[in-house]
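> 3D model of this:
(chains A and B)
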Protein chains: 2
Amino acid sequence: MPMQLPYVQTRFLDLPGSFPLRNGAVVEKVRIAYEQYGTPSPEKDNVILLFHALSGSQHAYGYNPDVPGIGALWKPENHEGWWNSIIGPGKPLDTDRFCIICANYLGGCYGTTGPASPSPADGLPYGSRFPHVEVADQARLQALLLDSLGIERVHLVGPSVGGLIALSLACQFPERVKSFISIGSGYRASIEHRLSLFEQILAIELDPDFRDGDYYQGPFPKKGLAFARIIGHKSFVYQEGLEQRARKEVGGQSGMLAWLRPTRSTQSYMLHQGTKFAERFDANSYLRIADMWAEFDIRDHAPEGTFSAALEGFRRETIPALIFSINTDCCFRPAEQQDFADQMEKAGIPAEFHTIISTKGHDSFLLEPELYAEPIRRILG
Amino acid sequence: MPMQLPYVQTRFLDLPGSFPLRNGAVVEKVRIAYEQYGTPSPEKDNVILLFHALSGSQHAYGYNPDVPGIGALWKPENHEGWWNSIIGPGKPLDTDRFCIICANYLGGCYGTTGPASPSPADGLPYGSRFPHVEVADQARLQALLLDSLGIERVHLVGPSVGGLIALSLACQFPERVKSFISIGSGYRASIEHRLSLFEQILAIELDPDFRDGDYYQGPFPKKGLAFARIIGHKSFVYQEGLEQRARKEVGGQSGMLAWLRPTRSTQSYMLHQGTKFAERFDANSYLRIADMWAEFDIRDHAPEGTFSAALEGFRRETIPALIFSINTDCCFRPAEQQDFADQMEKAGIPAEFHTIISTKGHDSFLLEPELYAEPIRRILG
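Here you go, the predicted model:
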């Protein structure tokens, strides 16, 4: 553990009553796992609500070697916060001035109620019984978390999939939003996202150990989950630089292949990434979050089905917006984000649009904090 | 069967002796399945050698309801030639003037020796024993086919993966090539190809019915093969137009999914494409050809490892070259093909470069023959 990182612990909040989803399903006794960095002001008006990515967790900052109740999924690579580079004293998300809160998503596997949690009906894991969840549900749940903590208004910071939930929150509860920062994200799943996420879901479903999601007595569908990660991972890196990167980071044999002997470092690298990931994530959680992403389009938030109508409250409250695009991003591609900015402009919402020039691809937001620092500091004020 | 299509039959040629591969493996008693349209001139100087795509066959033209010895794989969708639109009397590949020959690849499943063929050692299907094959091997085998037919020089026409083999033939045997036409193809597998093909190989390997390739006693790994096709298919279509196309072509339930109920027509469309394909192709053949493609880089044909050295004979023989790129191709992308044309120019090889403007993506070459007609007629003379 690096000396300068503070120990942090995940906190848990048990919501009273039940949580109804947009699709009609109901989840009883929702527990939310979240972390908090920095101190809330007496008025609680210095809060930043941060949203994690597809496979991320509530542990964005500091050092946390253990999360009670999540079993063996909390691996050493989870121990350091995923955004240590940008959170901390004097950092862009400045813990001396702000209180940053980050929560694990419903259906997740890092402490918030999810498919591996005991169902109140029989005490056994939900498994296949855990419902599909939508981005709008996640945003509403985070608003309930704020209610419980007595926090009225917040800054929203959402990288990647987190940006989708941040946008939904801003549209559903615009009066609670002080500013909106979207990083390598967008306002809808693109056709490319939907195709890739569909493949990722197939990869898990086709693992015979998946057994429709009722696998908690073991074995777990780790090959399918590893495969899903391999399919997804290629869009997070800068593909042109992948072979160089791969040569440095190759792992050993994965045991996934019989016919093909990997002759290229990228193949070994991908196998290594996939099999490592399958040790720290739950396949059912992956399905819930992949499906949530694939079905997202902010325009569905308004009966009219238009961007402008969905963001009416956003416009009315004149929420300051900051949108980062990464020029080498092959997950949320620059053209999609330019479209996002164009839609904002057409809807009469002033948004600051930055293109980050990087050779890191989508993962740039994790690796190059200095490129994001100045505009973030400015909008947070 | 459309009235104007002639009946054609697949012919078979049994090579004498054994066929050694570049990797040291040897295939005994190679049989080549090929078709021939039009009549060779007395001098046999009017021959066009045509190369099929990844999942194509020797049956490019006419109507062929049966190929002896390949079992149930020859489905109704195989009966009509895959390039009927461009071959025929008066067509760009004019059967009144030219004799067109198209052969199934080594390792294939439509009549040329492949993994399902009986091994001379024990008469049982090769299965996992069938070796990896390289593009250079395929090209050399096609040259042997020409030898057997007494044909010295040919025009080469290679769409998609076929263009890779055509290029290898032109580099290995430049004195036998009258002209070279590459359509939606290139000179190497891109990193994007390699990642996608690796996923397609994984999809098959992870199907428990694959059993390392020794599945011919059944059941066949159809789910894995269908999944591989789903992964590959998305790069053959124009993704932006996929949802419209999908609405018209959706099939019924595929039985591949339990957790996800397809809510989008693209998902049903992809499942339909995949499951249909798995009925007409052999997984072991798919692996051989996917692997061959993934490993291809024409620069490996020269010890120096440069484009210019690999194409030295091509330059020396001043082979007329025609390269088609498709502006919406997300398999062989326009930037890759521009690079191909640039490399040709740097190597001192005059090549005609055409960009087809289409909304059909990679599959344009199958669907819009009129866009290719004029330059093809011109180079064939």
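
> What helix or strand is A:Lys178 located in?
strand A:177-183 (DSSP states H and E).

> Quick check: can you list the domain ranges of chain A?
When chain A is parsed with automatic domain parsing, its domains come out as A:11-190+A:297-380, A:193-287.

> and of those domains, who's closest to B:Ile165?
Evaluated with Cβ to Cβ, the domains of chain A place domain A:193-287 nearest to B:Ile165, the distance being 20.0 Å. C-beta: built from backbone N, CA, C; applies to glycine.

> chain center to the closest one: distance?
Here the centre of domain A:193-287 is set off from its chain's centre by 18 Å, with Cα atoms, centre = their mean, to the nearest Å.

> Report whether it contacts chain B.
Yes - applying Cβ under 8 Å from any Cβ of the partner chain, one finds domain A:193-287 in contact with chain B at A:194-195, A:198-199, A:201-208, A:210, A:212-213, A:223-224, A:227, A:230-231, A:234, A:239-240, A:242-243, A:256-260, A:263-264, A:266-267, A:270, A:287.

> Could you work out the end-to-end span of that domain for me?
Using Cα to Cα, to the nearest Å, the span of domain A:193-287 from its first residue to its last is 14 Å.

> tell me the average confidence for that domain?
Confidence for domain A:193-287, expressed as mean pLDDT, is 90.

> before we move on, back to that, show the buried residues in the residues of domain A:193-287 next to chain B.
Buried residues within the residues of domain A:193-287 next to chain B, defined by neighbour count using 16 or more other Cβ atoms under 10 Å in any protein chain shown: A:194-195, A:198-199, A:201-207, A:210, A:213, A:223-224, A:227, A:230-231, A:234, A:239, A:242, A:256-257, A:259-260, A:264, A:266-267, A:270, A:287.

> Mark which of these are part of strands, please.
Members of these lying in strands (criterion: DSSP state E): none.

> Sort out for me which of the residues you listed are in helices.
Restricting those to those inside helices, with DSSP state H as the criterion, leaves A:194-195, A:198-199, A:201-205, A:223-224, A:227, A:230-231, A:242, A:266-267, A:270, A:287.

> helices and strands around the strand holding A:Lys178, which ones?
For strand A:177-183, the elements it packs on are strand A:154-159, helix A:161-172, strand A:321-326, helix A:373-380, judged by 3 or more Cβ pairs under 8 Å, 6 or more residues apart in numbering or on different chains; DSSP states H and E.

> Reformat the ones you listed as CSV; add distance to A:Thr95.
Supplementary listing: the helices and strands packed on strand A:177-183 in CSV, determined by distance: least, Cβ to Cβ, whole Å:
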stretch, distance to A:Thr95
strand A:154-159, 14
helix A:161-172, 19
strand A:321-326, 20
helix A:373-380, 12
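
> Quick check: which of these is nearest to A:Leu141?
Per Cβ to Cβ, nearest to A:Leu141 of the helices and strands packed on strand A:177-183: helix A:161-172, 9.4 Å.

> just the angle between that closest one and strand A:177-183, please?
With axes from the mean of the first three to the mean of the last three Cα atoms, to 10 degrees applied, the angle from helix A:161-172 to strand A:177-183 works out at 150 degrees.

> what packs against helix A:161-172?
For helix A:161-172, where contacts count as 3+ Cβ pairs under 8 Å, 6+ apart, the packed elements are strand A:47-50, helix A:135-148, strand A:154-159, strand A:177-183, helix A:283-294, helix A:312-316.
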